[in-house]
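Visitor: no FASTA, just this:
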């Protein structure tokens, strides 16, 4: 299992679901063979499970509503939105329909909307954003975001069977990455805490102290992992990563327990930092009594340029995480 | 039972539901005037025959029905229960949604409405996919208005119904006005032509003769039950209510209003029923509403 790719892990989970639950349907654009999805996540599945992948026209608004109807009728649709940027088109059906049916009509909707966020692939302004924030704070909608420290397929399985409306945030760069486990590095020890959507922790294996704790999720995690290893090798800094996967429901006590005696916290996200996830985490920590220094980083509030230079200037990178850590240490 | 007897019974059943809807909407308007109701309401006076005719062919334990903001009529046609509707609008726990839904957010068994124009149409197509998978007979009926026909996802959903070949009857209640906007002000071709263009078997009918519409609805619903394919029906109708509670209907030309008042389906049906039976039904409906009101007063 050590060398399993993030994309294969998700695909295997989808295959498992299709094989074991006749209520599961996959909906999306270009998801059937031979194309197998914009990022090839569903490759081979339409051949293995005829009739269970419903190829959709470019009508995100309608097929999200179609999926809401399927879920209202007792099926378990999993919708793929090819690029996270297009989640805007699903918003009316999620916010004004699915959410309302749960709250007003006590509907138990098993509905999952999967979509990849993230930049650094040169796709430009409309195909590189991390806009999951538009779904934060909506009743009856939960946002789950796995990382390479998690088992994304297990999170997907839990999401599908949760009887909740789940927006499942994947990451474009993560698709081709290997899952990161205890066998991946001699330096780091990985553990997972909490229920079906665990918080993943990565710490320096032999370190007792923690110089800086990083709270981050999803596609920001690989940058943080690189920084963690590099700063230990170069400067013997002990960085600890705290990576929730249920990003709209945070167990602040568990997070503070993991921060422990460390009095420097860096919160890193791929999306725009201003009015972002990190602000919510900061408030949670403060209200729970954490008194250390907190710094937030993420993308700047600008349109993402297509060039590599522009991406690196605007988006979160490993270097920006390292700079953030040094700034905290200087304070 | 002969066809004639059957027809007579149907007339009485339809008249009862239509009259109940008319009286209930009038009562709701009076309650607003008296300041006894909060929020808003979208009345369907004039359009009663559409839900009454279609839903007489529906089994709400097996078929799904979706409605919109203007769904008091459909609710009453299904349940004949004015108490739960008025209680819902008063925010009481006896309302069918526990008083949390109000006028626009109604759920009863397999009947669902929502306050977003057109939004239930894609949902209805998804429900029809479930019917296709699990049933050889049950269907979906989806009501929406002329305003919804200009929401993109309604048109997208019509296409999906053809692509996935699902058992659904789309009922476009064209009352000629999306709030105050006359259809021809914002669309230049008949609305049903759009459905036709997607490949849907499409019909147009004026909601003039109640028994004709009832027969027609039964025929189309029967077809969909058997061949499991979608149908689209544009029903030309008219509302005597304002769009919502404070609308004085200043945008409606007098001649148009008068044409429909002369052709009020409720009065047309009333003329076909003998006086004794008609008065009995009317008294029964009035009694249902007054006992609903006194039950509410007692709470």
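Guide: That came in fine, so what should we check first? Just so it is clear, the structure is predicted and the values come from calculations on it, not from any experiment.
Visitor: Could you find the closest non-adjacent residue to the residue of the stretch 1-150 of chain A found nearest chain B?
Guide: Nearest to chain B in the stretch 1-150 of chain A, going by C-beta to the nearest C-beta, is residue A:69, at a distance of 2.2 Å. Where C-beta positions appear, they are placed from N, C-alpha and C, glycine not excepted. Spatial nearest neighbour of residue A:69, excluding adjacent residues (C-beta to C-beta, 6 or more residues apart in numbering or on different chains): residue B:126 at 2.2 Å.
Visitor: quick one: pLDDT of that neighbour?
Guide: Looking at residue B:126, its pLDDT reads 98.
Visitor: and the stretch 51-200 of chain B, which of its residues are near chain A?
Guide: Counting by C-beta under 8 Å from any C-beta of the partner chain, the residues of the stretch 51-200 of chain B lying close to chain A are B:64, B:97, B:100-101, B:105, B:107, B:112, B:114, B:116, B:119-131, B:133-134, B:152-153, B:156-157, B:159-160, B:163-164.
Visitor: one step back: give the buried residues for the helix or strand harbouring the residue nearest to residue A:69.
Guide: Assigned by DSSP states H and E, residue B:126 belongs to helix B:120-134. Across helix B:120-134, burial judged by 16 or more other C-beta atoms under 10 Å in any protein chain shown covers B:120-132.
Visitor: and it, what does it pack onto?
Guide: helix A:60-72, strand B:64-66, strand B:140-145, helix B:152-163, strand B:168-174 (3 or more C-beta pairs under 8 Å, 6 or more residues apart in numbering or on different chains; DSSP states H and E).
Visitor: Distance to residue A:215 and mean pLDDT for these - can I get that in TSV?
Guide: Output for the helices and strands packed on helix B:120-134, formatted as TSV (distance: least, C-beta to C-beta, whole Å; pLDDT from 0 to 100):
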stretch	distance to residue A:215	mean pLDDT
helix A:60-72	31	98
strand B:64-66	43	98
strand B:140-145	46	98
helix B:152-163	38	98
strand B:168-174	47	98
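Visitor: Quick one: those as a markdown table, columns for distance to residue A:220 too.
Guide: Below are those laid out as a markdown table (distance: least, C-beta to C-beta, whole Å):
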| stretch | distance to residue A:220 |
| --- | --- |
| helix A:60-72 | 26 |
| strand B:64-66 | 41 |
| strand B:140-145 | 43 |
| helix B:152-163 | 33 |
| strand B:168-174 | 44 |
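Visitor: Looking at the ones you listed, which is nearest to residue A:321?
Guide: helix A:60-72 (33.1 Å; C-beta to C-beta).
Visitor: got the angle between the next helix or strand after that closest one and helix B:120-134?
Guide: Following helix A:60-72 in sequence order, the next helix or strand is strand A:76-80 (DSSP H and E). Counting by axes from the mean of the first three to the mean of the last three C-alpha atoms, to 10 degrees, strand A:76-80 points 130 degrees away from the direction of helix B:120-134.
Visitor: Just give the nearest non-adjacent residue to residue A:186, would you?
Guide: Leaving aside its chain neighbours, residue A:186 sits nearest to residue A:205 (7.3 Å; criterion: C-beta to C-beta, 6+ apart).
Visitor: How about residue A:170?
Guide: Closest to residue A:170 by C-beta to C-beta, 6+ apart is residue A:116, at 4.4 Å.
Visitor: Look at that neighbour and give its secondary structure.
Guide: Put simply, residue A:116 is strand when judged by DSSP: H, G, I helix; E, B strand; the rest coil.
Visitor: What residues does it make contact with?
Guide: For residue A:116, the contacting residues are A:39, A:83, A:84, A:169, A:170, A:171, A:172, A:175, by C-beta atoms under 8 Å, 6 or more residues apart in numbering or on different chains.
Visitor: rerun that using 10 Å as the cut-off
Guide: Going by C-beta atoms under 10 Å, 6 or more residues apart in numbering or on different chains, residue A:116 touches A:7, A:38-39, A:41, A:80-85, A:127, A:130, A:168-175, A:218-219.
Visitor: for chain B, longest helix please?
Guide: If each helix of chain B is counted by residues according to DSSP state H, the longest one is helix B:3-33.
Visitor: What is that one packed up against?
Guide: Secondary-structure packing of helix B:3-33 (3 or more C-beta pairs under 10 Å, 6 or more residues apart in numbering or on different chains; DSSP states H and E): helix B:49-55, helix B:72-79, helix B:82-89, helix B:210-227, helix B:265-272, helix B:275-297.
Visitor: Let's test this: mean pLDDT of the shortest one, rounded?
Guide: Read that as helix B:49-55. 98.
Visitor: any idea how far that helix is from the chain center?
Guide: How far helix B:49-55 lies from its chain's middle: 6 Å, per C-alpha atoms, centre = their mean, to the nearest Å.
Visitor: helices and strands around it, which ones?
Guide: Packed next to helix B:49-55, using 3+ C-beta pairs under 10 Å, 6+ apart, are helix B:3-33, strand B:64-66, helix B:72-79, strand B:140-145, strand B:168-174, helix B:210-227, strand B:231-236, helix B:265-272.
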